[in-house]
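Visitor: the sequence isn't on hand, but the structure is:
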Ligand SMILES: [Fe+2]
Ligand SMILES: [Fe+2]
């Protein structure tokens with residue numbers, strides 16, 4: 001998804017140059033009509049992709065529901081799913097201002113058109129994996145949405161993401177709390193936490209898309225739809241995820257570099273994953289190879305989207 005967000009819009013005309021000048025001077029925009037064609041198109045694509053991604057998160061989180069060990073855990077999974085429905089709804093409403101019909105895209109369009117983060121098409125195997133996913137991947141998602149809330153030049157987008165970010169923060173802290181609990185509960189649950197980290201940590205690394213030097217025309221940054229670059233966000237996430245792991249003694253493919261005073265990756269980057277076996281090749285591949293593998297989709301395609309169309313997160317959930 002992040003890779004898809006490398007929106008291809010060229011800011012060549014005077015109108016675009018003037019718009020960028022105003023953005024760089026710190027101006028915030030309230031109405032779609034105030035945006036230059038290039039900016040409008042870039043924003044439309046970003047919001048469209050973001051809204052669809054929220055929709056795909058909820059079908060994925062749904063796979064954790066049956067694994068939840070008790071009523072409290074089931075409530076937590078349900079709350080998460082309902083939050084994600086809300087995120088999709090909020091961003092869907094915003095998308096409508098750009099004449100994008102998220103309802104159509106979610107319920108009627110060709111499923112082949114839906115592209116999301118690869119991990120969203122791999123079922124969650126057990127409840128420990130779910131809380132570790134919250135701990136690592138909601139942490140990653142929060143970097144994306146927090147950046148937009150803090151820095152977007154389109155003011156309605158900032159406001160839309162405020163509540164979304166409170167909820168993503170809740171998901172992350174919920175995940176961190178229960179990851180710690182299972183890490184300390186028994187040898188068996190400790191091993192399950194480590195196994196979930198081994199599978200999900202590299203997905204966190206890949207969450208932020210291509211490295212900055214491979215991006216050609218970053219319209220998102222030009223129009224300040226967001227401010228942080230992929231590399232900057234990946235780095236922030238890495239420091240935060242590694243600090244959490246180190247505090248508890250969970251193994252991650254990174255080590256603390258005393259000279260640089262920060263965590264650095266020790267895993268091959270990027271590498272290919274095997275979604276059937278929940279494993280990583282541990283051998284370096286090219287970015288191109290990684291993304292073309294990701295585009296093939298995971299084992300839940302197309303079932304996850306059919307489930308979505310039956311609205312299985314609704315009345316049937318309880
Ligand atoms: Fe969300
Ligand atoms: Fe979330």
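Guide: Thanks, I have it. Treat the numbers as computed from the prediction; the structure is a model and nothing was measured. Residues are numbered from 1 along each chain as shown. Ligands and ions are numbered 1, 2, ... in the order given.
Visitor: okay, and the residue of the stretch 51-200 of the chain at minimum distance from ligand 2 sits in which element?
Guide: Ligand 2 sits closest to residue 171 of the stretch 51-200 of the chain, with a gap of 4.0 Å, by CB to the ion. C-betas here are computed from N, CA, C, even on glycine. Assigned by DSSP states H and E, residue 171 belongs to helix 155-185.
Visitor: helix or strand right after that helix?
Guide: helix 187-206.
Visitor: same for that next one, what does it pack against?
Guide: Here helix 187-206 touches helix 127-133, helix 155-185, helix 230-248, strand 271-274, strand 279-284, going by 3 or more CB pairs under 8 Å, 6 or more residues apart in numbering; DSSP states H and E.
Visitor: buried sites along that helix?
Guide: 189-190, 192-206 (16 or more other CB atoms under 10 Å).
Visitor: just to revisit the earlier point, output the contacting helices and strands for the helix holding residue 171.
Guide: Against helix 155-185 (3+ CB pairs under 8 Å, 6+ apart) you get helix 71-96, helix 127-133, helix 139-151, helix 187-206, helix 230-248.
Visitor: how about the stretch 51-200 of the chain: which residue is closest to ligand 1?
Guide: residue 87 (3.8 Å).
Visitor: what separates that residue from residue 247, distance-wise?
Guide: Plainly put, residue 87 is 29 Å away from residue 247 if you go by CB to CB, to the nearest Å.
Visitor: likewise residue 88?
Guide: 33 Å.
Visitor: what about those two, which has more around it?
Guide: residue 88 (24 against 10; other CB atoms under 10 Å).
Visitor: around ligand 1, pick out the residues from the stretch 151-300 of the chain.
Guide: Taking CB under 5 Å from the ion as the criterion, ligand 1 has no neighbours within the stretch 151-300 of the chain.
Visitor: just for the stretch 151-300 of the chain, where's the confidence low?
Guide: Applying pLDDT under 70 to the stretch 151-300 of the chain flags the ranges 216-217.
Visitor: can you list the residues of it near ligand 2?
Guide: 168, 171.
Visitor: I figured residue 27 hits residue 153, correct?
Guide: Yes: here residue 27 reaches residue 153: they are 7.0 Å apart, a contact under CB atoms under 8 Å.
Visitor: who's more crowded, those two?
Guide: residue 153 (23 against 13).
Visitor: which residues touch the residue nearest to the more buried one when sequence neighbours are not counted?
Guide: Leaving aside its sequence neighbours, residue 153 sits nearest to residue 224 (CB to CB, 6 or more residues apart in numbering; 4.3 Å). Shown in contact with residue 224 (CB atoms under 8 Å, 6 or more residues apart in numbering): 23-24, 151-153.
Visitor: give the buried subset of those as a PyMOL selection command.
Guide: Here is the PyMOL command that selects the buried residues among the contacts of residue 224 (16+ other CB under 10 Å):
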select buried, resi 23+152+153
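Visitor: and the contacts of residue 224, which is closest to residue 264?
Guide: Residue 264 lies nearest to residue 151 out of the contacts of residue 224, by CB to CB, at 26.5 Å.
Visitor: so residue 209 makes contact with residue 230?
Guide: Yes: contact criterion CB under 8 Å: residue 209 and residue 230 qualify, at 4.8 Å.
Visitor: buried ones in the helix holding residue 171, by neighbour count?
Guide: Buried residues in helix 155-185 (16+ other CB under 10 Å): 156-157, 160-161, 164-165, 167-168, 170-172, 174-176, 178-180, 182-183.
Visitor: surely residue 63 is within a helix?
Guide: Yes: assigned with DSSP: H, G, I helix; E, B strand; the rest coil, residue 63 falls within a helix.
Visitor: now do the contacts for it.
Guide: Counting by CB under 8 Å, 6+ apart, residue 63 makes contact with 123-124, 300.
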